[in-house]
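Student: 3D, please:
(chains A and B)
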There are 2 protein chains.
Amino acid sequence: MRKKNKQKGHIPLPALARLCKIYNLLEEMHDKGETSISSHDIGKRLGVGSHNIRKDIGYLDEAGTSGAGYDIAKLKSSIEFTLGFETERNACIVGLGSLGSVIINYQMKQFPCFTIVAGFDSNINKLEIMKTSIPVYPTYEIPSVIKSKRIELAVVTEPDRNIDKITERLIEGGIKGIINFSPVMLSSPSESVYIRNIDIITEFRYVSALFTLHDR
Amino acid sequence: MRKKNKQKGHIPLPALARLCKIYNLLEEMHDKGETSISSHDIGKRLGVGSHNIRKDIGYLDEAGTSGAGYDIAKLKSSIEFTLGFETERNACIVGLGSLGSVIINYQMKQFPCFTIVAGFDSNINKLEIMKTSIPVYPTYEIPSVIKSKRIELAVVTEPDRNIDKITERLIEGGIKGIINFSPVMLSSPSESVYIRNIDIITEFRYVSALFTLHDR
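Tutor: Presented below is the predicted three-dimensional model:
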């Protein structure tokens, strides 16, 4: 099993991204009580050809048969196993404004694979009055807390004038990934740190511009 | 002016998306007190060649000179004018769970170009106890409220078993765009409705899978 796992370990990133989306779809179908789905239907829902879907699923340890469609429960647990979704990793939130506060108090099940174990904010007054179930720290403690709590992922939620300094501190602490919801685009200073910018503000502007150009 | 506007109105979508990101960057630089920036520096920050940046800026009504770099304030207001960022449009939130509640009570400046004028939830009990500054309605009222309040954009925040029904109602009301934060992927039933899926759950899973494959 272990050996097979290693052989199959090299999944190209686009396939990995699609497998995560396939998993999501399977969870939705499973919740609705469906038991099987074809590669054609998966492809249709994700806007990808069924050939690609079959290839993606081929990277899994136990692909299951596609003849009369995939068994949803089996395919789901195969993705879980191959991609390690059962592993819980530690995450932190940087920026405890309104979005950060929601995330920190959110139902944990909403953030799969990660447990939020710390929050950071550069406003020390804010830290003193915050009511959270999770310990909060000033941002200068980022490197030491990340190391001591073995935090792998940082979720950055607020724009901060010192965002470059915050990124430096995260990397100094040995962070492996940053999901950045602030409108300031971060770029990775090293190949070993994965950075994903999810810029909601720009999304709103883009939609507005689309409507404007359409109206003219 | 109007005529020039029309001539320059055909901006390809990738250029439009980049112009929104350029605007964002200009806002950040402007806040920091910077006054000029070169196409090279813009390109570097966005991970795009400077040639593309100059081409994107060429779609604007008043591009400004690039010789000694663009004047940040001028370029910013040129983007604002061409893309119509000064126009305030109406938006609604569908799903008033924790994420939806934050958005509905968020500082309006955080969501540029749109004012949130209504909230919807299928849980009528929840509507009765909600404290918001914005009127909230049951989801079956979506079509009539969208029409009467001239809502152009819907922000969907919660997974809902009836999400297909909700999408139908939004379209029945004449919605022009949907930003979907729920993990259920929506696809547009018509070319006239812009749908953007921002799937945070899948993003967390993808990062986790990356770490897992890297560790093996």
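Student: Spatially central residue for chain A, please.
Tutor: A:Ile179 (7.2 Å; C-alpha atoms, centre = their mean).
Student: distance of it from A:Ser208?
Tutor: From A:Ile179 over to A:Ser208 the distance is 25 Å, taken as C-beta to C-beta, to the nearest Å. Any C-beta I mention is one placed from the backbone N, CA and C, and that applies to glycine too.
Student: before we move on, back to that, who are the neighbours in contact with the residue nearest to the centre of chain A?
Tutor: Residues in contact with A:Ile179, defined by C-beta atoms under 8 Å, 6 or more residues apart in numbering or on different chains, are A:153-156, A:196, A:198, B:203-204, B:207.
Student: please redo it, this time with the cut-off set to 7 Å
Tutor: Listed by C-beta atoms under 7 Å, 6 or more residues apart in numbering or on different chains, the contact partners of A:Ile179 are A:153, A:155, A:196, A:198, B:203, B:207.
Student: Among the residues you listed, find me the one that's closest to A:Ser50.
Tutor: B:Glu203 (24.8 Å; C-beta to C-beta).
Student: Return the member of the contacts of A:Ile179 nearest to A:Ser77.
Tutor: B:Val207 (20.4 Å).
Student: hey, C-alpha coordinates of the helix or strand encompassing that closest one in PDB?
Tutor: Per DSSP states H and E: B:Val207 is located in helix B:200-215. Extracted in PDB, the C-alpha atoms of helix B:200-215 (Å, rounded to 0.1, in the frame of the first residue of the first chain):
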ATOM      1  CA  ILE B 200     -12.800  28.900   0.100                       C
ATOM      2  CA  ILE B 201     -13.400  25.400   1.400                       C
ATOM      3  CA  THR B 202     -11.800  23.900  -1.700                       C
ATOM      4  CA  GLU B 203      -8.900  26.300  -1.300                       C
ATOM      5  CA  PHE B 204      -8.200  24.900   2.200                       C
ATOM      6  CA  ARG B 205      -8.300  21.300   1.000                       C
ATOM      7  CA  TYR B 206      -6.000  22.100  -1.900                       C
ATOM      8  CA  VAL B 207      -3.400  23.600   0.500                       C
ATOM      9  CA  SER B 208      -3.700  20.600   2.800                       C
ATOM     10  CA  ALA B 209      -3.200  18.200  -0.200                       C
ATOM     11  CA  LEU B 210      -0.200  20.200  -1.300                       C
ATOM     12  CA  PHE B 211       1.400  19.900   2.100                       C
ATOM     13  CA  THR B 212       0.600  16.100   2.200                       C
ATOM     14  CA  LEU B 213       2.100  15.400  -1.200                       C
ATOM     15  CA  HIS B 214       5.200  17.500  -0.300                       C
ATOM     16  CA  ASP B 215       5.700  15.600   3.000                       C
END
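Student: quick one: contacts of that helix?
Tutor: So helix B:200-215 is contacted by A:9, A:11, A:16-17, A:20-21, A:23-24, A:83-85, A:87, A:89, A:111-114, A:152-153, A:176-177, A:179, A:194, A:196, A:198, B:181, B:183 (C-beta under 7 Å, 6+ apart).
Student: mind checking how far that helix is from the chain centre?
Tutor: Distance, stretch centre to chain centre, for helix B:200-215: 25 Å (C-alpha atoms, centre = their mean, to the nearest Å).
Student: Then stretch A:203-216?
Tutor: With C-alpha atoms, centre = their mean, you get 28 Å for stretch A:203-216.
Student: Stretch A:129-148 now?
Tutor: On C-alpha atoms, centre = their mean, the centre of stretch A:129-148 falls 21 Å from the chain's centre.
Student: Could you list the buried residues of that stretch?
Tutor: A:130, A:136-137, A:139, A:142-143, A:145-146 (16 or more other C-beta atoms under 10 Å in any protein chain shown).
Student: What segments of chain A are helices?
Tutor: Taking DSSP state H, the helices of chain A run over residues A:2-7, A:13-31, A:39-46, A:50-58, A:72-83, A:98-105, A:124-129, A:142-148, A:163-172, A:200-215.
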